[in-house]
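Undergrad: below are the sequence and a predicted model for it; my questions follow.
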Amino acid sequence: MERIKKIVEECFGLDLNVNSRELKYVEARACFYVLCREIKGETFKNIADCVNKHHSTILHAIKEFPEMCRYNKSLLFKYKYIYKRLNKIYQKPESMTISEIIFKYNSLILENIKLRDEISKLQKDQKALLKQIK
């Protein structure tokens, strides 16, 4: 949960431990609570302990979060950005089938070959430019 907390704090530019009722803090904490539930499946109690709140506060904020996003598109944008970022971090390799892994592996090999060819071409162009300069 600390990793999620750090990313949320970074994105919102706030310290989630600050005991403030300002809207920006309320929204950032609610976003954190929702992400902990969705990404890690954390319990309300574990989330509450992490930010020194009561579990009912977490429950209320999670219930209100869709309404917060409805009125604040910036909050929704930040939530989606963080969700995608965390999803990449916490994605489990087991969730991919063997054929998906093979496909991804082959795609990476092809991309590597393409990049090597591009580097080779750029090196030739660089040599030609250096000859023109001299």
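TA: Received it, and whenever you're ready, just let me know what you need. Residues are numbered from 1 along each chain as shown.
Undergrad: would you mark the buried spots in the lowest-mean-pLDDT helix or strand in the chain?
TA: Every helix and strand of the chain was ranked by mean pLDDT, DSSP states H and E. The lowest is helix 73-90, at a mean of 88. Using 16 or more other C-beta atoms under 10 Å as the test for burial, helix 73-90 gives L75, L76, K78, Y79, I82, L86. C-beta coordinates here come from the backbone N, C-alpha and C atoms, glycine included.
Undergrad: now these as JSON lines including distance to K53?
TA: JSON lines is the format used below for those (distance: C-beta to C-beta, whole Å):
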{"residue": "L75", "distance to K53": "19"}
{"residue": "L76", "distance to K53": "23"}
{"residue": "K78", "distance to K53": "20"}
{"residue": "Y79", "distance to K53": "19"}
{"residue": "I82", "distance to K53": "19"}
{"residue": "L86", "distance to K53": "21"}
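Undergrad: just the strands in this structure please.
TA: Using DSSP state E, no strands are found in the chain.
Undergrad: number of nearby residues for the residue nearest to A28 when sequence neighbours are not counted?
TA: Of all residues not flanking A28 in the chain, F12 sits nearest, at 4.1 Å (C-beta to C-beta, 6 or more residues apart in numbering). Residues within reach of F12, counting by other C-beta atoms under 10 Å, total 19.
Undergrad: report the contact partners of N87.
TA: I39 (C-beta atoms under 8 Å, 6 or more residues apart in numbering).
Undergrad: let's see it at 10 Å
TA: Residues near N87 by C-beta atoms under 10 Å, 6 or more residues apart in numbering: L35, E38, I39.
Undergrad: count the neighbours of the second one for me.
TA: What it means is E38. 14.
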